[in-house]
Each structure stands twice: as C-alpha cells, then as structure tokens.
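1. dropping the sequence and predicted coords here.
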Protein chains: 2
Amino acid sequence: MKSFSLNQATTKRWPLDELVAGCVAAGVEAVGLWREEVTDYGTEKAASLVRDSGLTVSSLCRGGFFHDAGWYDENRRAIEQAHDLGTDTLVLVSGGLPDGSRDIDGARRHVGEAIGALVPDAQAAGVRLAIEPLHPMFASDRCVVSTLDQALQLASPYPADAVGVVIDTYHLWWDDTVWDGIALAGQENRIAAFQLADWITPLPSGVLLGRGLPGTGAIDMRRFAQAVRETGYDGYVEVEVFHEDVWSRPGPAVLAEAIAGYEAAVA
Amino acid sequence: MKSFSLNQATTKRWPLDELVAGCVAAGVEAVGLWREEVTDYGTEKAASLVRDSGLTVSSLCRGGFFHDAGWYDENRRAIEQAHDLGTDTLVLVSGGLPDGSRDIDGARRHVGEAIGALVPDAQAAGVRLAIEPLHPMFASDRCVVSTLDQALQLASPYPADAVGVVIDTYHLWWDDTVWDGIALAGQENRIAAFQLADWITPLPSGVLLGRGLPGTGAIDMRRFAQAVRETGYDGYVEVEVFHEDVWSRPGPAVLAEAIAGYEAAVA
C-alpha cells in the first residue's frame, strides 16, 4: 500500500495552487482531483502545477452518471482529462434511475453496457475505469451500484487493468459481506482506489455532505486498512470527506487531521 | 395474502379512536399499532377499542433497541403488550452500535443473543418476534440488521413460528439479492409482516421521516407484492410511512391514498 493522498473534495474551498503547496509542505505524495475544480482552474495548467510540484494524481473523480443523456461524450471527455492530468484512475459513479423509472435492474444493466462502451477509449488513453459502489441511500438519484459485489460483477467482463473498483469505507462499512468482497477484489487485481471517510450521524438533509474525517465516526478504519493491505493493493489511500463543517475550516488544519486519521487507520 | 392494514405511524396524529372509526368506515380489516401511542392511550382501553371495532391488530411496533441497557425488561413488556393487544407479531428494530463502539459484528452478535433470550417469553405469550432489517443508512444509530439475509441468519436458530422477519419495501428495495431472500424467507415460513413505503428524495435531515406513500417514489411496489404473494404469505399488507407532510394532513385523506397505493401494488 502506498501512502496518504488528499482527495481535493475534502478541502473543497482550498484553491488548487495553495492545496498543492500545502501538500508538498506536509510531505504528502499524492492528491485526488475532481473534474469540476480542475476544469475551472484549467486542465493543462493544473496538470503542470501538480507535475512540477512532484505530486502524483492518485485519481480523478468522477465519470459515470450514465442516466444522463450525454453520458458517452461526457465520459470520453473525463477519460481524456484523466489522461491529461497523468492519472491512471478515473472514478465512476454510475448515476441513479432515469426520471420516473422504477427499473433498478434495468439501470444497472445500462451501467454495464455503458462501461463496455467506454473500455476501448479508456484502454487507448491508459486510464482505468474504477467503479465506485455508493451507499444504498444514494441508489435512486446518484448511484445504482450499491455494493462491492455489484461493482465486481459489473467489472468482471473486462480485463482487470481496464476496469477496477473503488473501496470507500463510507459506502461499504455496513455490509458484512464486504470483507469477502475485498479479498475477492484483491485476488482479481480489481482494487483501483481505496478511500477513507467516516460515518457520522445525524445525516444532513440531502445526505451528500454528511461524512466525517477518519476516526470521528462509527467505522472500524483499521479493519478496512488491514483488509485492503492484505490483498497486496499497491495504490494510495485517499481521504475523501464531504462536510460543510470540514469545508469551512482552513485547508492546512483539515489536511493535518486527514493525515492523522489516515495514520491511525494504517498504523 | 390478506388485505390492507393501516400502520398507525402513517397517520401519527390521528387519535386512535378516530383512526379506528375511520378504518371501519373505509372497510379496512386491520391496523398496525405502535407501543408509545398505545401506552399513551392505555393498553387495555386500546385493546378493547380495537377488538370491539372488529379490527385485527396486524402487528405491534416495536421491540428491540438491544443497545439500550434495559433491553431485556423493555422487550418483555413489549411482548406482554403485544399479547394484551391480541396481535401475534412484535416487530423488532435491533438498535445500533453502543455509544462509542465501532464493533458492528459484535453488535449483530448481541442482537442474536438478545433474541435468543426473548424467545421463551415470546413463545409463552403466543407472540412471534419479527426481525426487521432497516436500510443501511440506519446501521449505526438505529438498526445494525441491514439486509434480509442478515435477518434470516439471525432468525435461523429458532422455530419459524417463534422468530420471523419483516419485509419492508423502503428498507430493502436497493438490494438485488432481496428477491432470492424473499423466496427463501417464504420457504422457511419466516415472513411475519409485509410493509409498504416508497423511496423519495431528497432525504430530510436525520433521514427518519423521508418515506413516501406507496406509488410516490422509486420502488417497484408491484414486484415486491408479487414476490411476497408467490411465497404463499398469508398475512396483511401494512402501509407504514413516516413523513412530516403526510402527518400534517387529515387522517381520512391519507388513509384513502394509502389504500390506493396498496391497491396499485397488489393489483
């Protein structure tokens, strides 16, 4: 397992140049980036900034959202952007049900077909598609892929270096089958990213911005880190937290706490 | 499958005597009751009211909350209350993690032990314990039993007429293994209750009061009704919805919509 990576979403309001300088100052080796922030900054400029700093881009979030009509072109742009940023990992959040639909099986089949359509583009660009199962509370509006098992099934028709899965503690912690799933994902060389966020309650309205920094909630982070390490996973460990209280605080302070949470998890 | 039952939580502010009269007027055969409301009204008085009206009590919610120190005595009282109300079904919501704990496996084991301790009391009272898996978004603070598969595993050491499971569409709809689980639960004669509520977004703060009346959300109710019917389940179909907007409306109007949602589901 490689070292800590700061996912940009954790310090959403930290300008990218300050974030990069802050990571370098803190001895951080890698960052996970988000498409919107990178596009606002300028993809080429962001790529240069990060490359010149010596940081690795551990992943780009996110492609997917296959319920949108323009999913194919948008995901091709995402693959290109990942390539331009020099990362080998594009995280896919599948999207939810089409408007008015109740056909979750059909939506999941469509995700499989969409991934199949993108594999050639991803392979040509040297970018791996990383299917992220999201917590079942997002199943209708954000991600019909709710379990690691489903993500592995969707990945299974494709080579492991083309399609992998994301292990995010926040989304998977409640699932008692996840430990077998992590072991299987490791055997199949499918683990493309490992992300830490903690489960805290009460959940806020809309439930998207309810994550805690690792160590502040109900999840046994050490168990996850050990399970992922035992697979031989050799990627970074991203801390990816969305919470208004975290976003409202200074980047360097949040970075320090994210590193401390990571260290407690992997210790 | 028997007919529609109004779960009292759907019309939380409808006084019990008006609710009973409203159900009789609407030709409803059964109601699901809640302990707190029944206790406030007076258990004996409630039992007489319902019995004299000719209504059946399809279930009593809820026992469980095994993370509370006083769980044993409280659940014995719940079993007694179910017996006094003349219902054969006590719904158990297991409870979450103990304060500060991250040991979800241990919490689940404790649920199994607690159920084992209660089985003799339940059998003596002629009350079946009905383990309800709740949506994984409640795993830390309300119910560590998150899937039908887990509920069936917890029930498996005990006779089917002593310990069953609850199929609630709201909690299980996202799970692609639920169809096999319903079939298995039917084979084992474990289905103790079947409840309808729909999944609507955005979820409200705290996520407890976010349910929609059947037909208003993302869940394929007909598929659930068909799967449960195919098992030979011979109990009632409760509509159980928690939502501030539903609660703020007149009981008779909500009852009519609940019946319409039920009819569309079972048609």
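-> Cool, the structure landed.
2. now do the contacts for the residue positioned nearest the centre of chain A.
-> The centre of chain A sits closest to residue A:91, judged by Cα atoms, centre = their mean, with a distance of 5.2 Å. Contacts here follow Cβ atoms under 8 Å, 6 or more residues apart in numbering or on different chains; on that basis residue A:91 touches A:59-64, A:130, A:132, A:166, A:192-193. For every residue, glycine as well, the C-beta is placed using N, CA and C.
3. run the last query once more with 6 Å
-> Going by Cβ atoms under 6 Å, 6 or more residues apart in numbering or on different chains, residue A:91 touches A:59, A:61-62, A:130, A:132, A:166.
4. of the residues you listed, which is the nearest to chain B?
-> Nearest to chain B among the contacts of residue A:91: residue A:132, at 15.4 Å, using Cβ to the nearest Cβ.
5. before we move on, what SS does the residue nearest to residue A:168 when sequence neighbours are not counted have?
-> Closest residue to residue A:168 apart from its sequence neighbours, by Cβ to Cβ, 6 or more residues apart in numbering or on different chains: residue A:195 at 4.2 Å. Of the three states, residue A:195 takes strand according to DSSP: H, G, I helix; E, B strand; the rest coil.
6. who does residue A:195 form a beta bridge with?
-> On the basis of DSSP bridges, residue A:195 is bridged to residue A:168, residue A:238.
7. do a quick rundown of the strands in the stretch 1-150 of chain A.
-> A:4-7, A:30-34, A:56-64, A:89-93, A:128-131 (DSSP state E, counting those that start in this stretch).
8. I would like the residues contacting the first one, please.
-> So the one you mean is strand A:4-7. A:23, A:28, A:30-32, A:58, A:236-238, A:240, A:259, A:262.
9. just how off-centre is that strand within its chain?
-> Here strand A:4-7 is found 11 Å from its chain centre; the criterion is Cα atoms, centre = their mean, to the nearest Å.
10. same check, this time on the second one
-> Taking the mean of its C-alpha atoms, strand A:30-34 sits 9 Å from the chain's own mean (Cα atoms, centre = their mean).
11. which non-adjacent residue is nearest residue A:74?
-> Of all residues not flanking residue A:74 in the chain, residue A:68 sits nearest, at 6.8 Å (Cβ to Cβ, 6+ apart).
12. how about the residues of chain A by chain B?
-> Residues of chain A lying close to chain B (Cβ under 6 Å from any Cβ of the partner chain) are A:97, A:102, A:136-137, A:139-141, A:146, A:174, A:199, A:201-207, A:218, A:220.
13. which of those residues are buried?
-> Taking 16 or more other Cβ atoms under 10 Å in any protein chain shown as the criterion, what is buried in these is A:97, A:102, A:136-137, A:139-141, A:146, A:174, A:199, A:201, A:203-204, A:207, A:218, A:220.
14. closest to residue B:53 among the residues you listed?
-> Closest to residue B:53 out of those is residue A:102 (35.6 Å), distances taken as Cβ to Cβ.
15. now the angle between strand A:89-93 and the longest helix that chain A contains, please.
-> Secondary structure of chain A per DSSP state H: the longest helix is helix A:104-125. Between helix A:104-125 and strand A:89-93, the angle comes out at 160 degrees (axes from the mean of the first three to the mean of the last three Cα atoms, to 10 degrees).
16. for helix A:104-125, C-alpha coordinates in PDB please.
-> C-alpha atoms of helix A:104-125 as PDB (Å, rounded to 0.1, in the frame of the first residue of the first chain):
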ATOM      1  CA  ILE A 104     -33.300  -0.500 -11.000                       C
ATOM      2  CA  ASP A 105     -32.200  -3.800 -12.600                       C
ATOM      3  CA  GLY A 106     -32.500  -2.100 -16.000                       C
ATOM      4  CA  ALA A 107     -30.500   0.900 -14.800                       C
ATOM      5  CA  ARG A 108     -27.800  -1.500 -13.500                       C
ATOM      6  CA  ARG A 109     -27.700  -3.300 -16.900                       C
ATOM      7  CA  HIS A 110     -27.300   0.100 -18.600                       C
ATOM      8  CA  VAL A 111     -24.300   0.800 -16.400                       C
ATOM      9  CA  GLY A 112     -22.700  -2.400 -17.500                       C
ATOM     10  CA  GLU A 113     -23.300  -1.600 -21.200                       C
ATOM     11  CA  ALA A 114     -22.000   2.000 -20.800                       C
ATOM     12  CA  ILE A 115     -18.800   0.700 -19.200                       C
ATOM     13  CA  GLY A 116     -18.400  -1.700 -22.000                       C
ATOM     14  CA  ALA A 117     -18.700   1.100 -24.500                       C
ATOM     15  CA  LEU A 118     -16.000   3.200 -22.700                       C
ATOM     16  CA  VAL A 119     -13.400   0.400 -22.200                       C
ATOM     17  CA  PRO A 120     -11.800   0.900 -25.600                       C
ATOM     18  CA  ASP A 121     -11.400   4.600 -25.000                       C
ATOM     19  CA  ALA A 122     -10.100   4.100 -21.500                       C
ATOM     20  CA  GLN A 123      -7.600   1.500 -22.700                       C
ATOM     21  CA  ALA A 124      -6.400   3.700 -25.500                       C
ATOM     22  CA  ALA A 125      -5.800   6.500 -23.000                       C
END
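17. what residues sit buried inside that helix?
-> A:104, A:107-108, A:110-112, A:114-115, A:118-119, A:121-123, A:125.
18. next: stretch A:182-189.
-> A:182, A:184-186.
19. and if you look at stretch A:156-172?
-> Buried residues in stretch A:156-172, counting neighbours by 16+ other Cβ under 10 Å, are found at A:158, A:160, A:162-172.
20. OK, contacts around residue A:166?
-> Taking Cβ under 6 Å, 6+ apart as the test, what residue A:166 contacts is A:91, A:130, A:132, A:193.
21. switch to 7 Å and redo it
-> Applying Cβ atoms under 7 Å, 6 or more residues apart in numbering or on different chains to residue A:166 gives the contacts A:91, A:130-132, A:192-193, A:195.
22. same question, residue A:192
-> So residue A:192 contacts A:89, A:128, A:130, A:164-166 (Cβ under 7 Å, 6+ apart).
23. ok, residue A:234 next?
-> A:1-2.
24. what pLDDT does it get?
-> pLDDT, residue A:234: 96.
25. distance of it from chain B?
-> Separation of residue A:234 from chain B (Cβ to the nearest Cβ, to the nearest Å) stands at 27 Å.
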